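# what's the 3D shape of this:
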Amino acid sequence: MRLATLVASPLLATALFWLAFAACIDTPMPDEPSIARIVVIWDPLACGPPHRVAAELEDQHGYKLSTSAPCNAGSLTFDAPQFGVYYGRIYAWEAGTAIRSITAVRLFVDEPVLRWLIATPP
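Numbering: from 1, shown residues only. Here you go, the predicted structure:
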């Protein structure tokens with residue numbers, strides 16, 4: 001009995017250690033990294049009353065991107081998964097009100113970092 005305890009306890013401790021270690025390092029792989037970053041820039045001094053600027057883009061494969069930022073920030077960014085043509089809209093909105101100043105856009109993403117200057121949505 002004593003021999004079984006002396007042999008089994010280190011084996012059990014080793015097995016528990018490796019199970020815990022494997023659980024810590026067995027994390028899922030992150031999604032594929034983005035290929036391009038789209039930086040949308042506007043003049044923050046032309047914003048007027050406080051509101052947010054929102055942008056929604058969709059590529060030809062149906063992958064959707066959307067983000068928003070306060071108008072006085074002057075920019076917002078997207079991480080695009082692939083190069084290509086993106087269609088979408090840019091608009092101004094405030095919480096509790098309807099969106100306004102909707103502008104339809106078509107964007108050709110063909111660089112790793114694309115800086116896109118737009119007119120400030122009022």
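# Go ahead and flag the most central residue of this structure.
Closest residue to the average C-alpha location of the chain: residue 79 at 5.8 Å, with CA atoms, centre = their mean.
# is it true that it touches residue 37?
Yes. Counting by CB atoms under 8 Å, residue 79 does reach residue 37; the two are 5.7 Å apart. The C-beta positions use only the backbone N, C-alpha and C, and glycine is treated the same way.
# For the chain, which segments count as helices?
2-25 (DSSP state H).
# Which stretches in it count as strands?
Under the criterion DSSP state E, strands of the chain are mapped to 36-41, 52-59, 64-70, 75-80, 84-93, 100-109, 113-117.
# Tell me which of the ones you listed sits nearest to residue 16.
strand 75-80 (40.4 Å; CB to CB).
# what's the burial count for residue 104?
Neighbourhood size, residue 104 [other CB atoms under 10 Å]: 9.
# Oh, that last question was meant for residue 80, not what I typed.
Residue 80 has 21 neighbours, counted by other CB under 10 Å.
# Where does the prediction get shaky in this protein?
The model of the chain has pLDDT under 70 over residues 1-7, 20-31.
# Cool, thanks, talk later.
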